[in-house]
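Q: Here is my input; please provide its structure:
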Amino acid sequence: MHAPVPLIATLAAAFALSLLLGFVAVKLKLPALVGYLAAGIVLGPTTPGYVADIKLASELAEIGVMLLMFGVGLHFSLDDLMAVRRIALPGAGLQIAVATAMGAAVALAWGWELGGALVFGLALSVASTVVLLKALEARGLLETHNGRIAVGWLVVEDLVMVLVLVLLPALAPLLGGAEADAAHGGSGEPLWLSLARTLLAVGAFVALMLLVGRRFFPWLMWQVARTGSRELFTLGVIAAAVSIAFGAAELFGVSFALGAFFAGMVLRESALSHRAAHESLPLRDAFAVLFFVSVGMLFDPAVVLEQPLAVLAVVAIIVLGKSLAAAVLVLLLRYPLGTALTVSASLAQIGEFSFILAGLGMQLQLLPAEGQSLILSGALISIALNPLVFSAIEPVLRWLRRRPGLLQRLERRDDPLAELPMDTAHHYLEKQVVLVGHGRTGAHIAQALHEAGVPCVVADSNREIVERLRAAGTPAVCGDAAEEGTLIQAHVARARMLVIAVPAAVDVLPMVEIARLLNPDIEVVLRGHDEDEAGFMQRAQAGAVFTAEDALARVMSAHVLQRLAQAH
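A: Okay, here's the model as predicted:
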């Protein structure tokens, strides 16, 4: 008889059952994560048979959260976060307030106390960053503008929840809960002092990472890379993610997820960031599976049978109420409908912070036991439904595009950035180049056209970019170029050429179809996608398609030939 090995037993059971049920889910045309959640239910204490170690599974899931947030930080710089601040900061704040009010109102209607209703509403207001990242990565949206807005929105939500977790023990007695000292090991200090200490600690951590970490950690990774050892480099990446996250939590009171996120952000300054992301991917995927398993283990299926209406109300708040509120807020902030739908789909679930908040509410004797069960039920069902919500974005957009009157009302085309100013010079309105997208590739193209004296009008969904271009004297319109109104405002009907420089994740065919309808003779130049180039050109009727590999090969070839000519 071997000695008990709970860690190995938990890992073996979780991975094996996740593989089996994930495979079944994919065969049934369901997301694989549904299988992972089902595996957690089977391994949990509420179902017969083997029961895995819940505490171990939760700690292993935390590692998955760390690695996943570390990977996001490697692709999401502080500049990216600042670029979406105008929508992420007010949007996330207002959405949390609206969702909390909806959840609290339902709980009060059930006869709960104010403190429990408030905790319940807050738990339903914050989405899971882990679930969002998996959804964005699966659809290639993580590095798009809409993806950055969604991630920035959730980063703001996480920051708000960090403050809530620190302030709730101090507020518990006022809300009818237990004293902080008795329930949570708190210090009983005044509310203003708790807030000040929290802000100082978070500020000190961020300052340390930005001032010291941005220089030290990239340098350290270079030293490890120079050894030529792949395993040492992989170890360095994992050690940086986990150690910084743990140190942030222990020394500054920052969550593991946020600590790992900032660790990735500082390592992004290194030229080795892409290699770091690649090396950490297998472990990140493996431990992300454990996150979903741990969620399933906490779920009691009996609550669905005992309180079906309450579960339905919770799911409705998460999937419908919170998402609709976010979509309305995005539209009120004058962003395109595509952005509103992406953000609303991103928020149509709850996750890790909701579980932490529910646990703290139980410790402080604020949240009743049924509240935690309902939160877990809502999390499990919303996580399982979230891929389906994302899949509904394109059908909804297509349906709305067939109804231009409704689309115009939703898009609020009275937006001054959605049309060119009346004093725009005539040479920008005829025989000009319409450039869709002003990211890195688009900015280079626009600069080349400007230097050559070719008039160019830019269409971009990023309001900050459009405002900056207009301030610099470049005509630009804000909107989704896959919608007819945006290209009409860019005067594509009289343009000489349409250049589409958006990322590969964006479907460009609607843009080409609209341009051809308005201007049958227009020449189209595309940024290459992952499809077969010849087939893509035939479908889009483009004059040329340029891929990143093609452009890189041409530039390198030209450089090599130039250097060889100089040598002779």
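
Q: Identify each buried residue in the helix or strand where L309 lies, please.
A: Secondary structure assignment for L309, by DSSP states H and E: helix 308-316. The neighbour-count check on helix 308-316 (16 or more other Cβ atoms under 10 Å) flags A310, V311, A313, V314, V315 as buried. All C-beta atoms are positioned from the backbone trio N, CA, C, and that covers glycine.

Q: Now render those as JSON lines, adding distance to L167 and pLDDT.
A: Below are these laid out as JSON lines (distance: Cβ to Cβ, whole Å; pLDDT from 0 to 100):
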{"residue": "A310", "distance to L167": "28", "pLDDT": "93"}
{"residue": "V311", "distance to L167": "29", "pLDDT": "93"}
{"residue": "A313", "distance to L167": "27", "pLDDT": "94"}
{"residue": "V314", "distance to L167": "24", "pLDDT": "95"}
{"residue": "V315", "distance to L167": "28", "pLDDT": "94"}
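
Q: Now do the same for the closest residue to L154 other than its chain neighbours: its pLDDT.
A: Nearest residue to L154 in three dimensions, chain neighbours excluded: T129, at 5.0 Å (Cβ to Cβ, 6 or more residues apart in numbering). pLDDT for T129: 79.

Q: contacting residues around the residue nearest to the spatial centre of the chain?
A: By Cα atoms, centre = their mean, the mean C-alpha position of the chain lies nearest to V151, the distance being 3.0 Å. Contacts of V151 were listed using Cβ atoms under 8 Å, 6 or more residues apart in numbering, and they are V72, F76, T129, L132, L133, L136, L142.

Q: Recalculate using a threshold of 10 Å.
A: 72, 75-76, 80-81, 84, 88, 129, 132-133, 136, 141-143, 261, 346 (Cβ atoms under 10 Å, 6 or more residues apart in numbering).

Q: now G338
A: Contacts of G338 (Cβ under 10 Å, 6+ apart): 144-146, 330, 393-394, 396-397, 461, 479-480, 482-483, 506.

Q: if we can go back for a sec, which strands and helices sit next to the helix holding L309?
A: In terms of contacts (3 or more Cβ pairs under 10 Å, 6 or more residues apart in numbering; DSSP states H and E), helix 308-316 is packed against helix 85-109, helix 114-125, helix 302-306, helix 369-391.

Q: Where does pLDDT dip in the stretch 351-500 of the chain?
A: 401, 403-415 (pLDDT under 70).

Q: ok, back up a step: how much space separates the residue nearest to L154 from M69?
A: For T129, the distance to M69 (Cβ to Cβ, to the nearest Å) stands at 6 Å.

Q: Same drill for those two, tell me which one is more crowded.
A: Comparing T129 with M69 by other Cβ atoms under 10 Å, the one with more neighbours is M69, at 30 against 25.

Q: shared neighbours of T129 and M69, which are they?
A: Contacts common to T129 and M69, judged by Cβ under 10 Å, 6+ apart, are V155, D158, A257, L258, F261.

Q: Which member of the residues you listed is positioned nearest R527?
A: Among the shared contacts of T129 and M69, V155 lies closest to R527 (Cβ to Cβ), at 27.9 Å.

Q: neighbours around that closest one, how many?
A: 22.

Q: what's near enough to touch it?
A: Counting by Cβ under 10 Å, 6+ apart, V155 makes contact with M69, V72, G73, F76, L81, V84, A88, A92, T129, A257, L258, F261.

Q: R215 contacts V266, doesn't it?
A: Yes. Using Cβ atoms under 10 Å, R215 is in contact with V266, at 8.6 Å.
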